[in-house]
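Colleague: Here's a sequence, model it:
(2 chains)
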Amino acid sequence: MSHTIDVAYVAELARLALTPEEKDTFQQQLETIVRYVEKIGELDLDGIEPTMHGQSVVNVFREDVVVPSVGRDCFLANAPERNDAEIRLPKVVEDA
Amino acid sequence: MVGAALTLGAAAEGLRKKTFSSVELTQSVLAAIREKDGALNAYLSVDEAGALQQAAAADAARAAGRDGDLLGIPVAVKDLINVAGQPCSCASKMLAGYVAPYDATVSARLRAVGAVFAGRTNMDEFAMGSSTEGSAFKTTRNPCDLTRVPGGSSGGSAAAVAGGEAVAALGTDTGGSIRQPAAFCGCVGLKPSYGRVSRYGVTAYASSLDQVGPLTRTVEDAAVLLQALAGVDPRDGTTLDAPVPDYRASLRDGLKGMRIGLPREYYIDGTDPEVMACVRRTVDACAAAGAEIVEVSLPHTEYAIAAYYIVATAEASANLARFDGVRYGHRTAHPESVFDLYAQSRAEGFGTEVKRRIILGTYVLSSGYYDAYYGRAQKVRTLIRRDFAEAFSRCDVLFTPVAPTAAYRIGEACDDPLKMYLGDVFTVPANLAGLCGLSVPCGRTAAGLPVGLQILGPAFGECAVLRAGHSVETAVRMA
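Modeller: The predicted model follows:
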């Protein structure tokens, strides 16, 4: 493996605005980090099964029953802006 | 004696014998916080009124005949575990002012047995870091030396317990975030096996690695807290429906006949000689107490950090995608487009380490790179699991250092992220393999800094690590 990370492009994928200084610093630091993690490229991994998480639980089912959940107001209380029972958003769609 | 410096066991006994009430105990914890936290900065918020109310309720319940090891015991909670009605900021500007709408399962379990929620402890933002310097709000100091870090990311919980500002605390451990701060501050920290404790209501960092666990003054206290936390949860499909044994009962068995494995790859140059000397002395003391010492090998150890920082950041980038400025969390003031709403809100809300990890995680998951990074890292996890399975066929527990050094100075490791990541070398393998691990104080450096011994056990082998840890505690006390 030998890949180069393009921090500006990846940050856009991650919906993360960066200042020019952040771009430079992260570019340098992440090139070093990516070079380090590419160490796993040394291993022959043919035929090895992946481990998704710490235990081998698969397909956990439950009964499909309705249970009460936390009230709407609790969640609305954390909204940046609200309008009665709705979350209010800035207008982001351009006029036609 | 009543006070925040009591062990959980002693506090429970005092409550049972009516030496003091839960209100008195809680008041003394709150007083200790007021007196000491100006210097330590272990807490992000303290709920005095709520805690005293819960304590009064616990006293009333006890007067009515109820009992329990945690009834009326004040507990500090890491600021990413939801406790209904309390702040849950994850030490991030992104969630400043956020109030938990519901209890995490672990909080509900503690509430059900009558524990008192004293306050919220500081941490690295979104649990990403090893020093608690990544908090957006304050720098927690190590109670053993105020110029040094408490470790992280559960540094506030460790500092509160070790500094006499909490009887016990909860933390989370994704790559060492309970064990390493426990080692740096000189308290006990237990990372349960993956699937042992519910993650419901705990802000996710890396979902396949995260676990909640106790930070306490003694191994017995950790056993008592784990007893309350452990068990299957219908709200977390990754919890296992395995019986929850009597953890405290397992402490009695002692070391005789126990096989302690020393993984060759963890006893290498590069670890501070003083740290190594403390660990070696403890191993010798355990051998003298009747344990059998076996050398084992974990050949893929050198790949663990690389695999960890791929898996953890990949999952983090997905988990933190929910912070978009729409439904909750920070929202930028004047977005010009939808993209801008997301990208600016995230730019303003997240700190440097979180941004760095989101970018790395997004990169390793991005089109064309997934197989080379995330796919391969998951296969490396399999190799690491196999290494441990092989080792545990020859021994009951593994003894290793927790970290290559004792607590370092505040600001010392900040500018080199890779150096900081490499400090997790002894702790991340347990998360990758789903094992349990305990950090127990095993001595001090010449400068008086605590050193931690890590005791690793197989998945769901908490009884064995607690049993060994309890014996180590006794051996260290006698040495």
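Colleague: got the phi/psi numbers for the most centrally placed residue in chain B?
Modeller: By CA atoms, centre = their mean, chain B has its centre lying nearest to B:Ile178, at 2.1 Å. Phi and psi for B:Ile178, reported as degrees, to the nearest 10, are phi -100, psi -50.
Colleague: now B:Leu215
Modeller: Per degrees, to the nearest 10, the backbone of B:Leu215 is at phi -120, psi 120.
Colleague: Which helix or strand contains the closest residue to B:Asp387 other than its chain neighbours?
Modeller: Computed as CB to CB, 6 or more residues apart in numbering or on different chains, the closest residue to B:Asp387 that is not its neighbour in sequence is B:Leu298, at 4.3 Å. All C-beta atoms are positioned from the backbone trio N, CA, C, and that covers glycine. Under DSSP states H and E, no helix or strand contains B:Leu298.
Colleague: Hmm, B:Tyr266 and B:Leu298 touching each other?
Modeller: Yes - here B:Leu298 reaches B:Tyr266: they are 7.5 Å apart, a contact under CB atoms under 8 Å.
Colleague: Identify the residues contacting the residue nearest to B:Asp387.
Modeller: Applying CB atoms under 8 Å, 6 or more residues apart in numbering or on different chains to B:Leu298 gives the contacts B:Pro263, B:Arg264, B:Glu265, B:Tyr266, B:Ile384, B:Asp387, B:Phe388, B:Ala391, B:Pro429.
Colleague: same check, this time on B:Ala459
Modeller: Contacts were defined as CB under 8 Å, 6+ apart; by that measure B:Ala459 touches A:Gly54, A:Gln55, B:Ser193, B:Tyr194, B:Gly195, B:Ala433, B:Gly434, B:Leu435, B:Cys436.
Colleague: The spatially closest residue to it that is not a sequence neighbour in helix, strand or coil?
Modeller: Distances taken as CB to CB, 6+ apart put B:Ser193 closest to B:Ala459, at 4.4 Å, once the chain neighbours are dropped. What DSSP: H, G, I helix; E, B strand; the rest coil gives for B:Ser193 is coil.
Colleague: Was I right to think B:Ser193 contacts B:Gly434?
Modeller: Yes - with contact defined as CB under 8 Å, B:Ser193 and B:Gly434 form a contacting pair (5.9 Å).
Colleague: and B:Leu453, how many neighbours?
Modeller: Neighbourhood size, B:Leu453 [other CB atoms under 10 Å in any protein chain shown]: 27.
Colleague: so where does it fall, helix or strand?
Modeller: strand B:450-457.
Colleague: Quickly check: that strand near chain A or not.
Modeller: No - on the criterion CB under 8 Å from any CB of the partner chain, strand B:450-457 is out of touch with chain A, staying 13.2 Å away.
Colleague: Quickly run through the sheet partners of that strand, with directions.
Modeller: strand B:397-401 (antiparallel), strand B:436-444 (antiparallel) (DSSP bridges).
Colleague: From the chain's centroid, how far away is the last one?
Modeller: By that I understand strand B:436-444. 12 Å (CA atoms, centre = their mean, to the nearest Å).
Colleague: Chain A contacts on the stretch 151-300 of chain B?
Modeller: Contact residues, the stretch 151-300 of chain B versus chain A (CB under 8 Å from any CB): B:Ser193, B:Tyr194, B:Gly195, B:Ser207, B:Ser208, B:Leu209, B:Pro234, B:Gly237, B:Thr238, B:Leu240, B:His300.
Colleague: Just flag the most distant two among those residues.
Modeller: Within those, B:Pro234 and B:His300 form the most distant pair, 35.1 Å apart (CB to CB).
Colleague: picking that back up, and the residue nearest to B:Asp387, what pLDDT?
Modeller: Looking at B:Leu298, its pLDDT reads 98.
Colleague: What backbone torsions are found at it?
Modeller: Backbone torsions of B:Leu298, given as degrees, to the nearest 10, read phi -120, psi 80.
Colleague: quick one: B:Gln27 and B:Leu52 touch, right?
Modeller: Yes - taking contacts as CB under 8 Å, B:Gln27 lies within contact range of B:Leu52: 7.2 Å.
Colleague: Where do the strands of the chain begin and end?
Modeller: Since you didn't name a chain, this refers to chain A. Counting by DSSP state E, chain A has strands at residues A:82-83, A:86-87.
Colleague: sorry, should have said chain B
Modeller: Assigned strands in chain B, in chain order: B:43-46, B:74-78, B:116-121, B:168-173, B:188-191, B:211-216, B:259-263, B:292-296, B:397-401, B:436-444, B:450-457 (criterion: DSSP E).
Colleague: can you list those strands in TSV and add distance to B:Arg357?
Modeller: Shown next, in TSV, are the strands of chain B (distance: least, CB to CB, whole Å):
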stretch	distance to B:Arg357
strand B:43-46	21
strand B:74-78	18
strand B:116-121	21
strand B:168-173	16
strand B:188-191	20
strand B:211-216	19
strand B:259-263	28
strand B:292-296	32
strand B:397-401	25
strand B:436-444	22
strand B:450-457	24
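Colleague: out of these, deepest packed?
Modeller: Highest mean neighbour count of those: strand B:188-191, a mean of 34 (counted as mean count of other CB atoms under 10 Å in any protein chain shown).
Colleague: contacting residues for B:Thr174?
Modeller: With CB under 8 Å, 6+ apart, B:Thr174 has these contacts: B:Ala127, B:Ser153, B:Tyr205, B:Ala206, B:Leu209, B:Asp210, B:Gln211, B:Ala312, B:Asn431.
Colleague: for B:Phe323, same thing?
Modeller: Listed by CB under 8 Å, 6+ apart, the contact partners of B:Phe323 are B:Met94, B:Gly329, B:His330, B:Ser345, B:Arg346, B:Gly349, B:Phe350.
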